[in-house]
Every structure is written in structure tokens, then in C-alpha cells.
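Engineer: With the sequence up front, the predicted model follows.
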Amino acid sequence: MEGAATHTVITSTSSSTDNFSTSTLVYDRQFLRTASGLLVFAEIVFGLLVWMLIAGTEYFRVPAFGWVMFVAILYWVLTVIFLIIYLTMAYNRIPQVPWTTVGLFFNSSATVMYVVAAAVDAASISHAVKGRHNYNCWVASTFFAFLVTLCYAGSTYLSFKFWRSRDEEQ
């Protein structure tokens, strides 16, 4: 066979398992039945209500609501990410991250930021006419902002207990 060319294909595989484990993600069915899981779920639901109730109004006329929206959306997105990490047990794949400390700082910062946001939310209600759509939504968002603050405070307490127990084991 004149003119026929042959091609050699060389394949190689490599894997880097120095920094990450190679286990597959699993679903933790029991997480949402724990106190921490219930609090995370409540934080997501109430946090969603806070920013949806404000977003459905003319909040841009009151600059303080920009702060409330920032806090509510930021912590809502981060909490959803943490829920995914907890449900898939992805924290087991990255053991270099001090997850108990990360959880403690996250929940602590969320509590402090939501206290401020809830207070700003409550103080900003006076810019609306009582009985109107904006007023009703802003009052409801204030209620849920304080409720989600309590949820994050509960998560902070549980995170602190877990962090302290892990610290005593070492």
C-alpha cells in the first residue's frame, strides 16, 4: 500500500489527588432533619421573603432599602451555597478548609449584618403611606428580617457549640 499513512495516538491520564479526595458526592438525607438543617432551610425561606417583599415595591426611592437588599440577597445566595455543600457533603472532599470555623464566622457575620439590615428596614418604613402596597410589603419584610436574624443567631450558637467541641477534641 503505497501512500498509506499510519497515525499513532498516544493517550495518557493523570490525576492530582494531593489536595482533594477522590470520593464521589453523596446526598445527606438526614441533614434537613437536624437543628442546623432546619435553621438553614428557614434562613433560605425567610431570607427569600425579605428580599422578594422589598423587590416587589418601589424600594429604589428609599436608599436605605438598597442596603437591606444587598444583605438579604448576599446572605441568601451564600446560604443556598452552604446548603448545597452540606447536602452533598462536599466539605468531606476539601478537608483543608476549616469548615467549623468557616461556618461560625459565616453565621456570626450574617447575624450581625441582618441585625443592622432589620433595624434599617424597620426605620425606613416611615417613608411609606400606611395601608399602601409599599407599606404592607415593607412591614412584612421587616418582620421576616428579624425572624431570619433569629435563625442566623441560632445557627451561630450551634456553630459555636460544634466549633468548641471540635476544638476540645484536638
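Structural biologist: Alright, I've got the coordinates.
Engineer: need the contact list for the residue nearest in space to the middle of the chain.
Structural biologist: By CA atoms, centre = their mean, the chain has its centre lying nearest to Thr79, at 1.0 Å. In this structure, Thr79 makes contact with 40, 43-44, 47, 110, judged by CB atoms under 8 Å, 6 or more residues apart in numbering. For the C-beta atoms, the positions are set from N, CA and C on the backbone; glycine is no exception.
Engineer: what's the single longest helix in this structure?
Structural biologist: helix 133-169 (DSSP state H).
Engineer: Does that helix pack against any helices or strands, and if so which?
Structural biologist: With contacts taken as 3 or more CB pairs under 8 Å, 6 or more residues apart in numbering; DSSP states H and E, helix 133-169 sits against helix 35-55, helix 64-88, helix 99-123.
Engineer: could these go into JSON lines alongside mean pLDDT and distance to Leu147?
Structural biologist: Output for the helices and strands packed on helix 133-169, formatted as JSON lines (pLDDT from 0 to 100; distance: least, CB to CB, whole Å):
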{"stretch": "helix 35-55", "mean pLDDT": "97", "distance to Leu147": "5"}
{"stretch": "helix 64-88", "mean pLDDT": "95", "distance to Leu147": "12"}
{"stretch": "helix 99-123", "mean pLDDT": "96", "distance to Leu147": "9"}
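Engineer: I'd like to know which of these is closest to Tyr157.
Structural biologist: Of all the helices and strands packed on helix 133-169, helix 99-123 sits nearest to Tyr157, with 8.5 Å by CB to CB.
Engineer: Distance from the closest one to the middle of the chain?
Structural biologist: Its chain's C-alpha centre and that of helix 99-123 lie 11 Å apart, by CA atoms, centre = their mean, to the nearest Å.
Engineer: Pull the most distant pair out of the contacts of Thr79.
Structural biologist: Ile44 and Ala110 (11.9 Å).
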